[in-house]
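1. What would the 3D arrangement of this be:
(chains A and B)
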Amino acid sequence: QKEVEQDPGPLSVPEGAIVSLNCTYSNSAFQYFMWYRQYSRKGPELLMYTYSSGNKEDGRFTAQVDKSSKYISLFIRDSQPSDSATYLCALIYNQGGKLIFGQGTELSVKP
Amino acid sequence: GAVVSQHPSRVICKSGTSVKIECRSLDFQATTMFWYRQFPKQSLMLMATSNEGSKATYEQGVEKDKFLINHASLTLSTLTVTSAHPEDSSFYICSALWQGMTDTQYFGPGTRLTVL
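-> Predicted coordinates:
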């Protein structure tokens, strides 16, 4: 069983839709949770960083962590074509530790 | 966010040659940098952890004599692919660890290596 599971998609939505991206993990020792966005042929860009259960909001993005269910989500409101990218969840056990990535979900937002 | 650069962004070389990729943290000092490899439609695979002034730590299955890592300063790490072969063709991405209130990895833009 992989440490982190993420549906690779592809996911296609119309512009303006609410997008839900999800990851599940198997080890409750994970303490820090991140979402990265990666455009084609570019390096990943950090979007959200959380370390406790609950929601964290930044503009159109909301990161949600449910440690009891070992489930994390990223919600994108009012999605735009510029949001079309691959979204990677990444988890770490300790500060400064190795990132454990999900497989990435490819998102396409159609105008 | 913090800025990390990579050079070159793209390189094409002949089989048997060596290629050096540079990773620089432009606006912060990074004791630790990481090197990843990514194949098309796949996630990032950690190759090694590079610590300034000491030997890199390689992940299982990564040949340290093949992928030489040097982290000679707090803003520069280099990855040298020695005697490159077509199977080494890939997208190589580095990250630098920013140690603030929370430790965060910031990624470079990546280097696409094509070995003919």
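
2. B:Val19 and B:Ala84 touch, don't they?
-> Yes - B:Val19 is within contact range of B:Ala84, at 5.7 Å (criterion: CB atoms under 8 Å). Heads up, the C-betas are built off the backbone N, CA and C, glycines and all.

3. which residues are common contacts for the two?
-> Residues within reach of B:Val19 and of B:Ala84 at once, by CB atoms under 8 Å, 6 or more residues apart in numbering or on different chains, are B:Cys13, B:Leu113.

4. And those two? Which one has more around it.
-> Taking other CB atoms under 10 Å in any protein chain shown, B:Val19 and B:Ala84 do not tie; B:Ala84 has more neighbours (22 against 19).

5. Enumerate every residue touching the spatially closest residue to the more buried one that is not a sequence neighbour.
-> Nearest residue to B:Ala84, sequence neighbours excluded (CB to CB, 6 or more residues apart in numbering or on different chains): B:Val115, at 4.5 Å. When contacts are counted by CB under 8 Å, 6+ apart, B:Val115 touches B:Ile12, B:Cys13, B:Lys14, B:Ser15, B:Ala84, B:His85, B:Pro86, B:Glu87, B:Asp88, B:Ser89.

6. Also A:Ser69?
-> A:Ser69 makes contacts with A:Thr24, as judged by CB under 8 Å, 6+ apart.

7. Got the confidence number for it?
-> Listed pLDDT for A:Ser69 reads 94.

8. Roughly how far does it sit from B:Ile69?
-> Distance, A:Ser69 to B:Ile69, by CB to CB, to the nearest Å: 38 Å.

9. how deep is A:Gly43 tucked in, by neighbour count?
-> 23.
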